[in-house]
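K.L.:
Here is the input, now give the coordinates:
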Amino acid sequence: MSGSTPRRECAAMDVGIFGAGHIGLSLAGLFDRAGHTVHITNRHPDELPDLLRDKGLRHARASSIDEVVDSATLLVGAVQWDQLELLTKELPELGGKIWIDPANPFAREADGSVTLLPTDGRPTSAIVADMVPKAQLVKAFNNFTTPMYRSGPLTSLGRIVAPLAGDHPAALCRVAELIKTTGFVPIVVGNIDDSVVLQPGGALRALSIPMIAP
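P.N.:
Residues are numbered from 1 along each chain as shown. I've put the predicted structure just below:
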């Protein structure tokens, strides 16, 4: 697998990211390389400017929670599952915003192990959608691994597919446009109920290799 320069297919976007952990920074790098402006925040905003500079992110800006919401229509909830409810309670009005949900229901234990948490049979994105009822939720990027973000979309067989799901056609189109600019191939797998195939234990998560679009 080798990296490549994403092909621009739409105008640059403003993307807001909540969380500067492994997933948040990896997505910030993916969007930054595609030329989008990334507004990112976390619990330690004073440390973010140095962190973004060390990562070489030219289009990423350390921001407050309110600044992220004000600056971007596309918002990414890239925090740990057990932090999502607290985060969403701190957010201002999200009417007209698109919430990209990469969250998986994992809990990290003190010893470094990871536990899969129960969701009472509900799709994880349905739970998140209840937390951000004014936003249009799209499930995306949760079945990637961070090496894919760094190494790029190309394989010897073709481009890696980035599946997404949601109930709002316009929001799905917008997130699909974002994915295209990164060089990955967006494929809509259905609505929020269908997003279970993207969750841990879901059909697409069980594949031994990523889906490839020739």
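K.L.:
ok, now which ones touch I17?
P.N.:
24, 27-28, 38-41, 68, 75-76, 78 (C-beta atoms under 8 Å, 6 or more residues apart in numbering). For every residue, glycine as well, the C-beta is placed using N, CA and C.
K.L.:
next one: A140
P.N.:
Contacts of A140 (C-beta under 8 Å, 6+ apart): 100-102, 162-165, 175, 179.
K.L.:
6 Å - rerun?
P.N.:
100, 164, 175 (C-beta atoms under 6 Å, 6 or more residues apart in numbering).
K.L.:
count of residues packed around the second one?
P.N.:
Okay, so that is L164. L164 has 25 neighbouring residues, counting by other C-beta atoms under 10 Å.
K.L.:
Read off the pLDDT value for it.
P.N.:
Confidence at L164, expressed as pLDDT, is 96.
K.L.:
For it, give me phi and psi.
P.N.:
phi -150, psi 160 (degrees, to the nearest 10).
K.L.:
now it: how far from D70?
P.N.:
Separation of L164 from D70 (C-beta to C-beta, to the nearest Å) stands at 25 Å.
K.L.:
what about the residue nearest to I23 when sequence neighbours are not counted, neighbour count?
P.N.:
In this structure, I23 finds its nearest non-sequential neighbour in A78, 4.7 Å apart by C-beta to C-beta, 6 or more residues apart in numbering. Number of residues near A78 (other C-beta under 10 Å) recorded here: 27.
K.L.:
and A78, what is it in contact with?
P.N.:
Here A78 is in contact with 17, 19, 23-24, 102 (criterion: C-beta under 6 Å, 6+ apart).
K.L.:
State the helix or strand in which M148 lies.
P.N.:
helix 146-151 (DSSP states H and E).
K.L.:
follow-up on the earlier one: can I get the contacts of A78 in TSV with distance to K55 and pLDDT?
P.N.:
TSV is the format used below for the contacts of A78 (distance: C-beta to C-beta, whole Å; pLDDT from 0 to 100):
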residue	distance to K55	pLDDT
I17	13	98
G19	14	96
I23	14	91
G24	11	94
P102	18	95
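K.L.:
By neighbours, which of these wins?
P.N.:
That'd be I17 among the contacts of A78, by other C-beta under 10 Å, with 28 neighbours.
K.L.:
how about the helices in this structure?
P.N.:
In the chain, the segments counted as helices under DSSP state H are 22-33, 48-54, 65-71, 84-90, 124-131, 146-151, 169-181.
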